[in-house]
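Engineer: pasting the sequence and the predicted coordinates here, then a few questions.
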Amino acid sequence: QFVLKIQFNITGLNSSSNVNNNLTNTNLNTLPTLDESKTNLIINYLPQAMTQEDLRNLFSSIGELESCKLIRDKLTGQSLGYGFVNYVKSTDAEKAISSLNGLRMQQKTIKVSYARPSTPLIKDANLYVSGLPKSMTQEDLQRIFHPFGRIITSRILVEPSTGMSRGVGFVRFDKRPEAENAISSLNGTIPAGAKDPVTVKFANNPSQKNQQVLQSLYAAASPTRRLAAPTTGPLYHQARSFSLQPATHLQLAPVSSDYAFHQMLPAGLTTLDSLAGITAPSAASSSCAPNYGICIFVYNLSPETDENILWQLFGPFGAVTSVKVIRDYQTQKCKGYGFVTMTNYEEAFLAVCSLNGYKLGDRVLQVSFKTATSRLK
DNA sequence: TAGTATT
């Protein structure tokens, strides 16, 4: 959006050769959305379950919003844990930073800061660093990397129980070329005082993580009931035919259109609702407050189940708008069931078909569209 | 030897 507006102004300049400079500057300065540097905020480390509406509610308590967007994985619909909030007034943006940065929500501490102007150069500038001496601190890490550019974030991962360094960390640079230079200069080098060389490489991005989730779920599936992933290729086809395929057939590809989905329906059936044994409510009549969507009932979950498990199970099948683990009020342990709301009927259908009977740990899940009696089971 | 910051 930013780039387009700049080009528009350049075009304007070119098309009028006798343009008055003062007038042009005035035009630039009065375009309200041209300079978002003082109104547009990036919100990081959001809790997984936080929705765009939650984000809007929280930040609009400070002042009027021009826009609000939670960033989600394109494939799974899961929150990527960050979003953007653009205020109408820069004073409100300032207020949001001072009052909401560092706010603790669930297990996270959110970060509120000005969003950098979006350019292709700031993408993929995050480095994964391993082989660090256990004694190295975040400050040491910054000292080593700072000659190569502006560091946006850095972190050393620690063992949660002991707080000891795990010898790995991340360094995010402002610009991709800075990260590239750091790799060229630092990868394979031995830090002062250390014994072993460090490995410096680009960090995996979220879509690669999703592939890992899919693969681990697939690998964990019981031999008698393999998990089908909602993608094109052999695996997707496998889901349709409910047949077993060797694990080596696992292939991940962009989510297909549903062109072939109906091909798997038994002869004579033209709608999903008519499938025997499936009591699927229509999208319009099924809801899981407070989110509109198709609600799915998941039964036989272990007491340790948390929301992340439901996101990971259902996210690969398509857009998931909410998950809920029903917990015992006293112990806060899962009571054995939960609900998942999905946006698209066919993705929900495939998830139900694929996950019903799926072996999670030592339990066989029962997954069905939510009915009036789901809670009573 | 893996958390999640650019719409």
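Structural biologist: Received, thanks.

Engineer: roughly how far apart are A:Tyr82 and A:Val112?
Structural biologist: According to Cβ to Cβ, to the nearest Å, A:Tyr82 stands 11 Å off from A:Val112. Using the backbone N, CA and C atoms, a C-beta is placed for each residue, glycine as well.

Engineer: no, scratch that, I was asking about A:Ser130
Structural biologist: According to Cβ to Cβ, A:Ser130 and A:Val112 sit 30 Å apart.

Engineer: and the two? which has more neighbours close in?
Structural biologist: Between A:Ser130 and A:Val112, counting by other Cβ atoms under 10 Å, A:Val112 is the more crowded of the two (20 against 13).

Engineer: ok, that one - contacts?
Structural biologist: A:Leu41, A:Ile42, A:Ile43, A:Ala96, A:Ile97, A:Leu100, A:Asn101, A:Gly102, A:Leu103 (Cβ atoms under 8 Å, 6 or more residues apart in numbering).

Engineer: what's the local residue count around the nearest residue to A:Ser185 once chain neighbours are set aside?
Structural biologist: Distances taken as Cβ to Cβ, 6 or more residues apart in numbering place A:Phe148 nearest to A:Ser185, at 6.8 Å, with adjacent residues excluded. By other Cβ under 10 Å, the residues close to A:Phe148 number 21.

Engineer: ok, A:Phe148 touching A:Lys175?
Structural biologist: No. Counting by Cβ atoms under 8 Å, A:Phe148 sits too far from A:Lys175 to count as a contact (9.9 Å).

Engineer: show me what residue of the stretch 1-150 of chain A gets nearest to DNA strand B.
Structural biologist: Closest to DNA strand B within the stretch 1-150 of chain A is A:Phe84: 2.6 Å, counting by Cβ to the nearest atom of the strand.

Engineer: next, count neighbours for that residue.
Structural biologist: Counted with other Cβ under 10 Å, A:Phe84 comes out at 17.

Engineer: secondary structure element for the nearest residue to it once chain neighbours are set aside, which one?
Structural biologist: Nearest in space to A:Phe84, with sequence neighbours left out and distances taken as Cβ to Cβ, 6+ apart, is A:Lys69 at 4.9 Å. A:Lys69 is located in strand A:65-72, with elements delineated by DSSP states H and E.

Engineer: now A:Ala351
Structural biologist: Secondary-structure element containing A:Ala351, defined by DSSP H and E: helix A:345-355.

Engineer: can you list the low-confidence ranges for chain A?
Structural biologist: Applying pLDDT under 70 to chain A picks out residues A:1-34, A:206-292, A:371-377.

Engineer: which residues of it fall in helices?
Structural biologist: Per DSSP state H, chain A carries helices over the ranges A:2-15, A:21-30, A:52-60, A:90-100, A:138-145, A:176-186, A:206-220, A:233-241, A:307-314, A:345-355.

Engineer: by contact count, what packs against the last one?
Structural biologist: Going back to what we said before, that points to helix A:345-355. Packing partners of helix A:345-355 (3 or more Cβ pairs under 8 Å, 6 or more residues apart in numbering; DSSP states H and E): helix A:233-241, strand A:294-299, helix A:307-314, strand A:334-342, strand A:366-369.

Engineer: cool, and the third one?
Structural biologist: Counting by 3+ Cβ pairs under 8 Å, 6+ apart, the packing neighbours recorded for helix A:52-60 are strand A:40-44, strand A:65-72, strand A:79-87, helix A:90-100.

Engineer: residues contacting the longest one, please?
Structural biologist: Outside helix A:90-100, the residues that touch it by Cβ under 8 Å, 6+ apart are A:38-41, A:58-59, A:62-64, A:85, A:87, A:110, A:112-114.

Engineer: what is the nearest of the residues you listed to A:Ile326?
Structural biologist: Using Cβ to Cβ, A:Leu58 comes nearest to A:Ile326 of the contacts of helix A:90-100, at 25.2 Å.

Engineer: give me the nearest residue to that closest one, chain neighbours excluded.
Structural biologist: A:Leu100 (7.1 Å).

Engineer: how close does the one you found sit to A:Asp54?
Structural biologist: From A:Leu100 over to A:Asp54 the distance is 13 Å, taken as Cβ to Cβ.

Engineer: neighbour count: the two, which is higher?
Structural biologist: Higher neighbour count among A:Leu100 and A:Asp54: A:Leu100, with 19 against 16, using other Cβ under 10 Å.

Engineer: domain parsing for chain A?
Structural biologist: Listed domain ranges for chain A are A:2-114, A:125-202, A:209-376 (source: automatic domain parsing).
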